[in-house]
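In: Just to be clear, the model below is a prediction. Sequence and coordinates:
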Amino acid sequence: MIIIKCAKCKEKIIKYVKLGKGNVHRCYKNRIQKYYVQLNNKELKCPICGKLIGSDQGNYIKINHHTFTYSGTIN
């Protein structure tokens, strides 16, 4: 379980179940445990600074690199 945060202001964005090694490129919607912010117009933006974190692509959210950090344990 990891918590994805905005890289600029450290605001929590989503809680996600990360499986396997490697970087986070996509967050599959069925593995998202909790949204701390809402999707607006298929975009996932930080509510504090307005930075675009990711965009809705159907079954997953494509995450923009260098716009987020995460903490937690990767299974």
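Out: Happy to help now that I have it.

In: would you list every one of the strands in this structure?
Out: Using DSSP state E, the strands of the chain run over residues 2-6, 12-16, 26-28, 32-35, 43-45, 52-56, 60-63, 68-72.

In: What is the third one packed up against?
Out: Spelled out, it's strand 26-28. Packing partners of strand 26-28 (3 or more Cβ pairs under 8 Å, 6 or more residues apart in numbering; DSSP states H and E): strand 60-63. C-beta coordinates here come from the backbone N, C-alpha and C atoms, glycine included.

In: low pLDDT regions in the protein?
Out: Flagging of the chain using pLDDT under 70 yields the residue ranges 75.

In: Serialize the strands of the chain to TSV and add fields for mean neighbour count.
Out: Formatted as TSV, the strands of the chain follow (neighbours: other Cβ atoms under 10 Å):
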stretch	mean neighbour count
strand 2-6	20
strand 12-16	21
strand 26-28	16
strand 32-35	12
strand 43-45	19
strand 52-56	17
strand 60-63	18
strand 68-72	15
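
In: The closest residue to residue 57 other than its chain neighbours and residue 33: what is the separation?
Out: Spatial nearest neighbour of residue 57, excluding adjacent residues (Cβ to Cβ, 6 or more residues apart in numbering): residue 26 at 7.7 Å. According to Cβ to Cβ, to the nearest Å, residue 26 and residue 33 sit 16 Å apart.
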